[in-house]
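> Mind folding the following:
(chains A and B)
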Amino acid sequence: MDGTQEPDNGDVPRVGLFATCLVDAMRPSVGFAAAKLLQDAGCIVSVPKAQTCCGQPAWNAGDRADAAAIARQVVDTFGAFDYTVAPSGSCAAMLRIHYPALLADDPVWKGRADALAAKSWELVSFLTDICGVKSTGVHHDGVATYHDSCSGLRELGIAGQPRTLLAKVDGLTLREHDTADVCCGFGGTFCVKYTDIAAAMTDKKIDAIAATGAQTVLAGDLGCLMAIAGRARRRGIALRSRHVAEVLAGMADRPAIGEGE
Amino acid sequence: MNSAARGFPERAAAALADPVLGAALDKLQGEFRRDRGAMLSRMPEFEALRDRAMTVRNYALADMDGLLEQFERNVIATGGTVHWCRDAEEARATVTRLCREADAKTAVKSKSMLSEEIALNDALVDAGIEPVETDLGEYILQLRRETPSHIVMPAIHLNAGQIGDAFRKSHSDRDSGRDLSNADALLAEARATLRRRFLDADVGITGANALIAETGSILLVTNEGNADLVHTLPKTHIAVVGIEKVLPTLSDAMAVVRVLARSATAQEITSYTTLVSGPARTDEADGPRAFHVVLVDNGRSKMLAGPYADALRCIRCGACQSLCPVYGAIGGHAYDAVYAGPIGAVLTPALGGLERAPHLPQASSFCGQCEDVCPVRVPLPALMRRLREDSFRRPDIAVAGRRLTRFWSWAARRPALYRPGLRLGLAMLRLLGAHRGAIRSLPFISGWTGARDFPVPEGGSFVEKWHASGREPKR
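Numbering: from 1, shown residues only, chains lettered A, B, ... in the order given. Here you go, the predicted structure:
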C-alpha cells in the first residue's frame, strides 16, 4: 500500500475485533493483547463501538427472540469486515455456529448471518489457521497448564492451536492436566444458578491443575478463567489465571485475574 | 412447578455432601474416561461406527410403524404374541394380566429401564406377584428399595460396605459372621440366592436392546448372563420394550451392538449377546412355552412427530451419564427421574411433559461432552436448549433468571445506554475491592459469591479505552 490511497482490502485483512462483553468489562488488557496479536499477524484491527454482547445468555436461557435481535445487531455491526475475531471460543461459536441456526427462518437475515459465520473466528485459531502464525516470539517464565474451554474445543475444534503457539513461548513450560477437556463449571449463567454443583466441578478442575504443579492456568475464555480464579481464591489456593492472549502477546505483566494490584 | 423441580437444589446439595457417593462417581468417571480412551485408541474407525449406528437408528425411526407391524407378523409366525400398549398404565395392566394367566406367584426379571419407566414392580406387587430382580445391581437396589442411578450401572452410587449391609439384612438365614468385604463374596452370595429364585419362578420378564423386524427376534445384551436364565427357565417369557427399539434387520442390530458395549462399559462386546425368537419349539425340551412381547408407546410416537425425535435414537448405553460433569458431581438420584443425566434431561420432559421435569434441561453447563460421546450422535445440548425455549415461553413454568436475562438483552441492544451503564457498574465494583483484586460477597450475584470470590474488573471498558487511545484506524 503506498499511503496515498484509502486503505482498502488489498492483501491486508481488515479484522473487526469482537472483544466480548466479559473482556470489555472485566479485563481490557485481553482486548489489547488480542489486538496486538492480530496487528503483529498483519491485520488492520478495528473495534466497533456498537458492540456489546453476542447474545449467548439469552440463547442459552431459551430466550430466542432476544438472542435473534442481538444476533441481527452483531451481524449489522461486523458484517462489513473481512473477518470478525473474538478472544473467546464460546462467543466465536455463537457467531459461527449458532447465529445461522438462530436466523435460519429469517429470509432477510439468514444470508447475512451465514456470511458473518463463515468469516468469524476465535482469536488463536484465526492466528494459526488463517494468518499462518507459527510463533509469537515472546518470553514468559513459568509452568502453566492449558484448559480447553468447552465451546472452543467441541464446537470449533480448538485444541492444537493454542498448545502449538504456547510451546513456542520462550521460558514457558506447558504441563497438561489429565482433564483439560472437562468443563470447569462456569457454563455462563449455569454457575450462578447452580452455585454448589458448579463449584464442585471447578474444584475438580483446580485439583487436577494443582496436581501438575503448574502455577498458572491459561485458557481462551475469560468466563472459565474468572470461575477458576474466583474459586481458587475462595479456597486459598495460589493459582494464577490468565487469558492465553496475554501470554502470547507478551503482555502478561498485569496482576492475574482476581489478584490485587 | 412440581415437587421434583422444587427439591432439585436440595437433593443436589445432599449429594454433594455425600462422600461415599462422591468417591463412587469419581471412580466411575475416572475409569470410564480412561477405558473409553483406550478403546478409542485401539479403534480408529469408531467415528465411522457411530455414523453407521446413527444412520441405522434414523432409518428405523423413519419407518417405525411399518417395522413394528412386520415385527409382529414375524413374532406370530414363530409362535409368540405381541401386545400393544399406549401408555404405562396399559403396559402394567397387560403384564399383570399375562402373569395372572400364567398363575404366577413370582416373576424373575432382568434389567429393564422401561420396566422402571412404567413402574412395573409396584404393579406386580399390588397384584400379588413377587418381582425378583436378577441383575446384580438391580437386585441390590430392590433389597435397598432404591431406584437405578445410572442406565447401565444401576447401583453405581453404592460401595461394597453398603451392599454387604443390605445382604446381611435381607439374607437373614445365613451366618451373620460371614465375610462380605469383597466383590467375589458378594457375587457368590447373590448367585446362590438368586439361583433358587430362577428355578421357582413362573414368569421371566426381560426388556430388549432391539427388536428385529425381519425375524421377529428380540436382542438381549448383558454381562451377567442372568437375562438368559430369566427367559429360558420359567414357562412364560414376557419382554417389555419401548416401540422405538425396532430395527429392520439383524445386520442393523449388529451396527448397534458394535457401539453399544463400547459406549456403555468400554468393552468390545458384552459377555452375552442373545437373540430370542419365539417360545420353545415343540421338539425342544427346554425354554418357555409362551413368548409375549409387550410393546410400549408411553409418549414415544408423539415424541417422534415433534422436535425431540432425535433423542429416540438413544440406545441406552449411559455414556452421556458416565462422562457428564454435572452427573459426576451429583449422581443420578438428585435428578429424581427414571432417566438421569443428559439423556434424561431430554427424555423425561419429552416423554412425560415439561411441567413434570422443568429443572432437568436447565441443570447443564452445555459443555457438550454428552453429544461428543453419544454413539448415535443425539444432539443433547441443542435439544436441552430447545426445551429451555419451551420453558421460557411458558408462564406456568418458573425459569430462574428469566427477568434478568431479558433485562440484559434489552440493555445489550442499546449500546448508547449500555456504555454509560457499564461505566457506572465498573466504577462501583472497583470501589468495592480494587486493592484486593476480588470481592467476597456481592448481593446481586450471590449465586457467584456463594462459592467464589468475584474478580474485580481491571478498570475501564476496552472499547472505550481503545477509542480514547486513538488506535481505531481511520476509514
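> mind listing what the residue most central in space within chain A touches?
Closest to where the C-alpha atoms of chain A average out (C-alpha atoms, centre = their mean) is residue A:88, at 1.7 Å. By C-beta atoms under 8 Å, 6 or more residues apart in numbering or on different chains, the contact set of residue A:88 is A:20, A:22, A:23, A:122, A:123, A:149, A:152, A:220, A:221, A:222, A:223. Heads up, the C-betas are built off the backbone N, CA and C, glycines and all.
> quick one: buried residues of stretch B:188-208?
For stretch B:188-208, a neighbour-count test (16 or more other C-beta atoms under 10 Å in any protein chain shown) marks B:189-190, B:193-194, B:197-198, B:201-208 as buried.
> between those, which is nearest chain A?
residue B:207 (31.0 Å; C-beta to the nearest C-beta).
> give me the low-pLDDT residue ranges for the chain?
Using chain A. For chain A, the stretches with pLDDT under 70 are A:1-10.
> think we crossed wires, I meant chain B
B:1-6, B:475.
> The same query, at a cut-off of 50, please.
For chain B, the stretches flagged by pLDDT under 50 are B:1-3.
> Which of the contacts of residue A:88 fall in strands?
residue A:122 (DSSP state E).
> Looking at chain B, which residue is nearest chain A?
Proximity to chain A, evaluated over chain B using C-beta to the nearest C-beta, is greatest for residue B:365 at 2.7 Å.
> Name the nearest residue to that residue, sequence neighbours excluded.
Counting by C-beta to C-beta, 6 or more residues apart in numbering or on different chains, residue B:365 lies nearest to residue A:187, which is 2.7 Å off, once chain neighbours are set aside.
> Quick check: the one you found vs residue B:362, distance?
Residue A:187 is 11 Å from residue B:362, where distance means C-beta to C-beta, to the nearest Å.
> Would you check that residue B:330 makes contact with residue B:9?
No: counting by C-beta atoms under 8 Å, residue B:330 stays clear of residue B:9, with 10.3 Å between them.
> contacting residues around residue A:199?
A:185, A:191, A:231, B:451, B:452.
> hmm, try it at 6 Å
Residues in contact with residue A:199 (C-beta atoms under 6 Å, 6 or more residues apart in numbering or on different chains) are residue B:451.
> tell me which element residue A:16 is part of?
In the assignment (DSSP states H and E), residue A:16 maps to strand A:14-17.
> looking just at contacts, which helices and strands does that strand meet?
strand A:44-46, strand A:83-86 (3 or more C-beta pairs under 6 Å, 6 or more residues apart in numbering or on different chains; DSSP states H and E).
> can you put those strands in TSV and add mean neighbour count and distance to residue B:37?
Formatted as TSV, the helices and strands packed on strand A:14-17 follow (neighbours: other C-beta atoms under 10 Å in any protein chain shown; distance: least, C-beta to C-beta, whole Å):
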stretch	mean neighbour count	distance to residue B:37
strand A:44-46	19	40
strand A:83-86	27	31
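> hang on, the earlier thing: now, which of the contacts of residue A:88 lie close to chain B?
Here is what survives when the contacts of residue A:88 are matched to chain B using C-beta under 6 Å from any C-beta of the partner chain: residue A:23.
> list the buried ones in stretch B:297-317?
B:297-300, B:303-304, B:308-317.
> and if you look at stretch B:414-423?
So, applying 16+ other C-beta under 10 Å, buried residues of stretch B:414-423: B:415, B:418, B:419, B:422.
> Briefly note if that stretch comes near chain A.
Yes: counting by C-beta under 6 Å from any C-beta, contacts between stretch B:414-423 and chain A involve B:415, B:418, B:422.
> circling back to that earlier point, could you list which of the buried residues of stretch B:297-317 belong to helices?
With DSSP state H as the criterion, helices contain B:300, B:303, B:304 from among these.
> and those as a markdown table, adding distance to chain A?
Formatted as a markdown table, those follow (distance: C-beta to the nearest C-beta, whole Å):
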| residue | distance to chain A |
| --- | --- |
| B:300 | 24 |
| B:303 | 19 |
| B:304 | 22 |
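> closest to residue B:438 among those residues?
Comparing those against residue B:438 with C-beta to C-beta places residue B:303 closest, at 46.3 Å.
> The closest one reaches residue B:350, doesn't it?
Yes: between residue B:303 and residue B:350 there is a contact under C-beta atoms under 6 Å: 5.1 Å.
> so which strand or helix has the residue of the stretch 51-200 of chain A found nearest chain B?
Closest residue of the stretch 51-200 of chain A to chain B, C-beta to the nearest C-beta: residue A:187 (2.7 Å). Element membership for residue A:187, per DSSP H and E: none, as it lies in no helix or strand.
> From residue B:444, how far off is it?
19 Å.
> more crowded one of these two?
residue A:187 (26 against 8; other C-beta atoms under 10 Å in any protein chain shown).
> so residue A:260 sits right up against residue B:436, yeah?
Yes: counting by C-beta under 6 Å, residue B:436 is a contact partner of residue A:260 at 4.9 Å.
> how about the strand or helix carrying residue B:69: buried residues?
Using DSSP H and E, residue B:69 sits in helix B:64-77. For helix B:64-77, the buried set under the neighbour-count rule, 16+ other C-beta under 10 Å, comprises B:64, B:67, B:68, B:70, B:71, B:72, B:74, B:75.
> repeat for stretch B:377-393
B:377-392.
> Run the chain-centre distance for it.
17 Å (C-alpha atoms, centre = their mean, to the nearest Å).
> Residues of the stretch 1-150 of chain A that sit close to chain B?
With C-beta under 6 Å from any C-beta as the criterion, the stretch 1-150 of chain A meets chain B at residues A:19, A:23-29, A:31, A:44, A:46-47, A:50, A:52-53, A:57-58, A:61-64, A:66, A:69-70, A:73, A:150.
> Show me where the stretch 251-400 of chain B has its helices.
Assigned by DSSP state H, counting those that start in this stretch, the stretch 251-400 of chain B shows helices spanning B:300-304, B:319-323, B:325-330, B:341-352, B:369-373, B:380-393.
> and the fifth one, how far from the chain's centre?
Here the centre of mass of C-alpha atoms in helix B:369-373, compared against the chain's by C-alpha atoms, centre = their mean, lies 14 Å away.
> now for it, which elements pack on it?
helix B:319-323, helix B:380-393.
> likewise the fourth one?
Secondary-structure packing of helix B:341-352 (3+ C-beta pairs under 6 Å, 6+ apart): helix B:319-323, helix B:380-393.
> got it, and the last one?
Helix B:380-393 makes packing contacts with helix B:341-352, helix B:369-373 when contacts are defined by 3+ C-beta pairs under 6 Å, 6+ apart.
> same thing but at 7 Å, please
helix A:56-61, helix B:341-352, helix B:369-373 (3 or more C-beta pairs under 7 Å, 6 or more residues apart in numbering or on different chains; DSSP states H and E).
> Let me know whether whichever helix or strand comes after that helix sits next to chain A.
Going down the chain from helix B:380-393, the next helix or strand is helix B:402-412, by DSSP H and E. Yes: using C-beta under 7 Å from any C-beta of the partner chain, helix B:402-412 reaches chain A at B:405, B:406, B:408, B:409, B:412.
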